[in-house]
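Trainee: predicted structure and sequence below. I'll ask about it afterward.
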Amino acid sequence: MTADSCMVAIGALCLLVGFVGCIVPVLPGVACAYGGLLVLVPTSHALSPEKLIAGGVIAVAAIGLDYVIPALGARKFNCSKWGVFGCAAGTVAGIFFMPFGLILGPFLGAVIGELVAGKAMSGAVRGGVGALLGFLAGLVLKIAVCGLFSFWFVQACF
């Protein structure tokens, strides 16, 4: 196996971990996927500097937006800080109850957070829906960015 093919395999593994990281909150999905592009730099498959810089800007923006989008979704539905915290905690807890926990975890966590904040059940459910929609929008963004990086990777290697 040549050095180039080893680096391509490592880059592909980084992209795979990146996609898993889009769903599993403890893994830095977009950052791992971008790392998969950077691994190609010393190979004959290296991306252009312009594409690497654009990818870096996209990665930083996606990582930042991943923190902002769920909060915006929650705020749009009048979710309290407790609901946003509950959504985050429910997302982590949902990992242990795959695959349904990935959807129910953020929603139930936000609803419980809203109830702790003293909201009525209808307001808590509304906040839970907002937090869940924000979470799902962030998930779609991360998957789209990892998909773009995977496209660039395949384009460079083949």
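Mentor: That came in fine, so what should we check first?

Trainee: what's the residue lying closest to G105 once chain neighbours are set aside in contact with, if anything?
Mentor: Taking C-beta to C-beta, 6 or more residues apart in numbering, and ignoring the residues beside it in sequence, G105 has G94 as its nearest neighbour in space, at 2.1 Å. The C-beta positions use only the backbone N, C-alpha and C, and glycine is treated the same way. Residues touching G94, when contacts are defined by C-beta atoms under 8 Å, 6 or more residues apart in numbering, comprise 101-106, 109.

Trainee: whatever helix or strand G94 lives in: how far from the chain's middle?
Mentor: Secondary structure assignment for G94, by DSSP states H and E: helix 81-94. The chain centre lies 15 Å from the centre of helix 81-94; the measure is C-alpha atoms, centre = their mean, to the nearest Å.

Trainee: likewise stretch 135-153?
Mentor: Computed by C-alpha atoms, centre = their mean, the chain-centroid distance of stretch 135-153 equals 8 Å.

Trainee: for stretch 85-98, same thing?
Mentor: Going by C-alpha atoms, centre = their mean, the spacing between the C-alpha centre of stretch 85-98 and its chain's C-alpha centre is 14 Å.
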